[in-house]
Structure formats: structure tokens, C-alpha cells
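[1] Sequence plus predicted model, see below.
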Amino acid sequence: MKVSMADNTVFWRDLSQPPVELVEGQGVYLFDRKGRRYLDAASGAAVSAIGHGNEEVAEAMAEQAKKLDFAHMSKFYSRSLVDLTDRLVGISPPEIARAHPVSGGSEANETAVKLARVFQIQRGKPRKYKVISRASSYHGATLGVLALSGKTKRQEAYAPLMRSNQKIAPAYCYRCPYGKSPSTCSLECADDLERAIVQEGEDTVAAFIAEPVSGSSAPGVHPPDGYWERVRGICDEYGVLLIVDEVMSGLGRTGRWWGIDHSGVVPEIITAAKGVGAGYSPLGAVLIHEKIYEVMEETGGKLNHGFTYGGNPISAAAGAKVIDVMRRDGLVGRAAEMGEILLKRLKESIGDHPQVGEIRGRGLLIGVEFVRDRGAREPFAEEDGVPGRIRSACMDYGVYIYPGGSTVNGTRTSQILLAPPFIIAEEGIDELIDGLTLGVEEVLG
Ligand SMILES: Cc1ncc(COP(=O)(O)O)c(C=O)c1O
């Protein structure tokens, strides 16, 4: 039998669960081949920030495709690329001076890690190469950044192919690794970075990478006040670069342009993807502090690295237009406003459910964590498949959510991610809450 029962030739990541064929996207809705409508409460995976079917972006891409389709960055670039990098730098802290284009989040983080390494060599610290990351994290699928991720299940089969690194405690207050509460917290999780740097040998550590607001591995989790300032101080003391992975939290999703903006701390490198192309084109970027640029320029440093599709003119045109639309329509402020409403409505609707442990988030990057036992905060086992079952149930009620998990020790827990397009209105939030409540009740009672 050459063609499977799924009636097509695609090799799915999970052959037992072929996905649903979509035929159209409009605003916050997706439509499948059978005419079913889903409210996209996850923007795919925190991607479709400005909603589906935006004609301005489609037109900008078509115009660019007609004019210049491709420019290989080894020797060429297009005006649309500069339009994109100007905008990315423009929405970033003043010290962020340059942007390097890639095609997605894994590429952005791989590039950031290599850039950190080259920077350390160029500034006369050639022994610095190690990267420290956090448990309960996700930085991408390629072997380099998968190794930095704290998501054991995703790594299991590939472990022999990867290099292990130090993972420090996550800033995860609901399951504080130190057993602290907000009133007794002394930011021990931030100080764990210093412990790890000293243990590794400060002259060997090049960078620390972390998500300002966690994505799929711990949806909506974000550190307590003062965390990033403490981390910044530790990085400065030991000559370690701070890389913030804003692949999911960036481009306005948390109600500020960057998740790190909530703290005022300026990292050396910001990585972005998902919301940059907003679903219209594969696109990502590495945003770079002026001090890195200066050292590279002064020393003639080269980033011996590149992806063929990096800087693609059509993708760049899409990204530039996405940022224009966000700015003109005030969508970042809207993400903050709608995020508060969604968080409140979630707490009112499912907050008292005996198997809802915590509801948290920033802007429209929100997580719901389910537990077996609320008092003991006992996580579900991965095998219980709670997030996947809730996703399927919600889809039956016309709402698409994104399952998350592998949070406790990189394996257990059940969480879902809610990250609708910023254009969602209050009626959309009502619809989301209705479908989600029914889905949760169907699976958990
Ligand atoms: C925080 C974070 N970093 C990196 C990635 C990898 O991005 P991509 O899937 O575009 O390679 C993701 C994807 O979910 C992510 O959420």
C-alpha cells in the first residue's frame, strides 16, 4: 500500500494522529476542509499575532515577490530586509543596534549561541564557550539548541547526539525549586546562575539563555520582580552574555514589544521569530547589542555561519508590514488589555476547578496548569495525556488551544497555552472561554 489511510503522502511527526487540513484563515478563525470553524486561541503556536488573512501583508509579499524574490546574503540584500531590521531595532531598547535575519526560532537561537562564542573569542576570551540555560525551557528543535532546552521527553531519543550543559533552577514560583513562597523568596533561582558559572569555571562560560515569559515548556510562567536585575548583575560580574529567547514572548505578545521590557533590563542578544513573520512567512531575527557590534567591527570578527533563506526579501517584506500594522493599530497595547480580560475570565470560569492548579501569564501569553491534586500540587503524568485530550475536546467545541508540558524535571505536568491573535475582541474571548470550559469539563469532569 503506497498511500496511507490519511489519503496523502505527507510524513507526519506522529503517524497515529494526522492533523486536520485547513483551507482558510480569517481574523481569529481557521476553517477546515469539512467547513468546521475553529477559534484560534493559540495563534497556531503563538505565531499569528495579527490574525489570519491580513490583506496588507499578503499584498506586501506579492509586491516583493514580483520585484525581487531572492537575494543570497553572502553577497546581496534587499531594501525590504533593511525595512525589517530598521523596524526591529526601532522597537528595541536603544542599546540594541543591529538585527540579523533568519527563518525561525531554532535558527535564531543557534545563531545567538554562535555569535556569543565568536564575540568572546574576539574580545580576547577564547576559553569561554559554555552556555548555561534553565530547566523547564525550550529553545528549539535543532540539536544545538535542543540540548540547551529543559524538555526531557523531546530530547530522549537524541541524547547521544547532543552535548549536555548546566541547567539552572527555573524561575517557577508555583513549583519553587527552593520551596519558597513570595514572602520568603530571595531570588534563589537567580543566584543559581552564579553557582553554575562558578562550578563550570567563570573563564569558560560564554552566555546564559532564558525565556522572559516561558512558552510551551511552562506556559505563562515568569520570574518574580528583581529576577532579571539579579541575573543581569551576575552576567556582568562574570563576563557572561545574556541571551533572551523571545521567540514566543516577543513582538508584543506579552503586552510590551519584548517580554524583557517588563523589567527594564537590557540583554546583549534578543532572539525572535513566531510573531515576526506572524504566520505569513518563516522569519526570525537575532537582535544585537551595540557592544557586540563594536567588538566585531573593531576586531574584524566574522560570524562564520548563515542559512540560505536568511534575509529572504519576501519574508522580510512580510515582517516589516506586520510591525507596521501592529504599530498603526496599537496591537501591543491591545495584547496587554485583552490579556488582562482573558486572565480574569479564565479565573472566573475554571479557576475553582479542583484540577486547575494555576492560571498565569503576561499579555496574551497565558498558561493553565492542571494537577491531579490541588492541595499537593501533584502533577499529572505525561502518559495521562491531559493537554492533548483537552485540545481534542476543545476542538470539538470549536476552539483551538496549544498543549504544553514536560515541565517538572523536564517530563511531567499538564499545561495548556492560550495565545490568541492580538486582534481578538471581547466576544472572541467569551467564545474561547465557553469552548475551553466545556473541553476541560469533558476531560476532567
Ligand atoms: C521559546 C522558544 N524558542 C525557540 C523555539 C523554536 O522555534 P522554531 O520552532 O521556530 O524553530 C520555540 C518554538 O516553539 C520557542 O517557543
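    Received the coordinates, thanks.

[2] Return the alpha-carbon coordinates of stretch 39-54 using CSV.
    C-alpha atoms of stretch 39-54 as CSV (Å, rounded to 0.1, in the frame of the first residue of the first chain):
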residue,chain,number,x,y,z
LEU,A,39,-11.4,30.0,17.1
ASP,A,40,-7.6,30.1,17.0
ALA,A,41,-6.9,30.5,20.7
ALA,A,42,-3.3,29.7,20.3
SER,A,43,-2.3,31.6,17.1
GLY,A,44,-1.0,28.2,16.0
ALA,A,45,1.8,28.2,18.5
ALA,A,46,1.9,31.9,19.5
VAL,A,47,2.6,32.8,15.8
SER,A,48,-0.4,34.5,14.2
ALA,A,49,-0.1,37.7,16.2
ILE,A,50,-2.1,40.0,13.8
GLY,A,51,-4.7,37.3,12.9
HIS,A,52,-5.3,35.4,9.7
GLY,A,53,-5.9,36.6,6.2
ASN,A,54,-4.4,40.1,6.5
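
[3] Please work out the average pLDDT along that stretch.
    In this model, stretch 39-54 has a mean pLDDT of 98.

[4] ok, now stretch 220-237?
    98.

[5] give me every residue that touches the residue of the stretch 101-250 of the chain at minimum distance from the ligand.
    Residue nearest to the ligand within the stretch 101-250 of the chain (Cβ to the nearest ligand atom): residue 105, separated by 2.1 Å. For glycine as for every other residue, the C-beta is placed from the backbone atoms N, C-alpha and C. Going by Cβ atoms under 8 Å, 6 or more residues apart in numbering, residue 105 touches 139, 140, 245, 247, 248, 271, 273, 274, 284.

[6] separation between the closest residue to the fourth one other than its chain neighbours and residue 144?
    Across the structure, with Cβ to Cβ, 6 or more residues apart in numbering as the measure, the residue nearest residue 247 apart from its sequence neighbours is residue 105 (3.5 Å). With the distance defined as Cβ to Cβ, to the nearest Å, residue 105 ends up 13 Å from residue 144.

[7] for the stretch 251-400 of the chain, what spans make up the strands?
    In the stretch 251-400 of the chain, the segments counted as strands under DSSP state E, counting those that start in this stretch are 269-272, 284-289, 356-362, 365-373, 378-379, 399-400.

[8] of all the ones you listed, which gets the most neighbours per residue?
    Comparing these by mean neighbour count (mean count of other Cβ atoms under 10 Å), strand 269-272 ranks first with a mean of 30.

[9] partner strands of that strand, parallel or antiparallel?
    strand 241-245 (parallel), strand 284-289 (antiparallel) (DSSP bridges).

[10] ok, residues contacting that strand?
    Here strand 269-272 has contacts from 88, 92, 96, 105, 108-109, 111-112, 115-116, 207, 241-247, 250-251, 258, 260, 284-289, 292, using Cβ under 8 Å, 6+ apart.

[11] again, but for stretch 62-69
    With contact meaning Cβ under 8 Å, 6+ apart, stretch 62-69 is reached by 78, 80, 313, 314, 316, 317.

[12] same check, this time on stretch 75-91
    By Cβ under 8 Å, 6+ apart, the residues outside stretch 75-91 that reach it are 64, 68, 71, 96-99, 101, 257-258, 272, 276, 285, 287, 311, 313-314, 316-317, 319-320, 323-324.

[13] where does the stretch 101-250 of the chain come near the ligand, residue by residue?
    Those residues of the stretch 101-250 of the chain that sit near the ligand, judged by Cβ under 6 Å from any ligand atom, are 104-106, 109, 138-141, 211, 215-216, 245, 247-248.

[14] Of those residues, grab the buried ones for ChimeraX.
    Selecting the buried subset of these in ChimeraX, with 16 or more other Cβ atoms under 10 Å as the burial test, is done by:
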select :104,105,106,109,138,139,140,211,215,216,245,247,248
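
[15] beta partners of residue 373?
    residue 378.

[16] In three-state terms, label the closest residue to residue 53 other than its chain neighbours for me.
    Distances taken as Cβ to Cβ, 6+ apart put residue 26 closest to residue 53, at 4.4 Å, once the chain neighbours are dropped. Put simply, residue 26 is strand when judged by DSSP: H, G, I helix; E, B strand; the rest coil.

[17] hang on, residue 26 packs against residue 48?
    No. Under the criterion of Cβ atoms under 8 Å, residue 26 is not in contact with residue 48, lying 11.2 Å apart.

[18] which outside residues touch stretch 380-400?
    Stretch 380-400 is contacted from outside by 20, 30, 36-42, 153, 370-372, 401-406, 411-416, 431-432, 434-436, 438-440, 442-444, using Cβ under 8 Å, 6+ apart.

[19] could you flag which of the residues you listed are buried?
    Counted by 16+ other Cβ under 10 Å, those give 30, 38-42, 370-372, 401-406, 412-416, 431-432, 435-436, 438-440, 443-444 as buried.

[20] And the pLDDT for the nearest residue to residue 334 once chain neighbours are set aside?
    Of all residues beyond its chain neighbours, the one nearest residue 334 is residue 422 (5.2 Å), with distances taken as Cβ to Cβ, 6+ apart. Residue 422 carries a pLDDT value of 99.

[21] before we move on, what about the one 10 residues further on?
    Among the per-residue scores, residue 432 holds a pLDDT of 98.

[22] Doesn't it belong to a helix?
    Yes. Under three-state DSSP, residue 432 sits within a helix.

[23] So which of the buried ones among the contacts of stretch 380-400 sit within helices?
    431, 432, 435, 436, 438, 439, 440, 443, 444 (DSSP state H).

[24] How about the contacts made by the first one?
    Residues touching residue 431, when contacts are defined by Cβ under 8 Å, 6+ apart, comprise 39, 398, 399.

[25] Grab the nearest non-local neighbour of the last one.
    I take that to be residue 399. Excluding the flanking residues, the one nearest residue 399 by Cβ to Cβ, 6+ apart is residue 435, at 3.1 Å.
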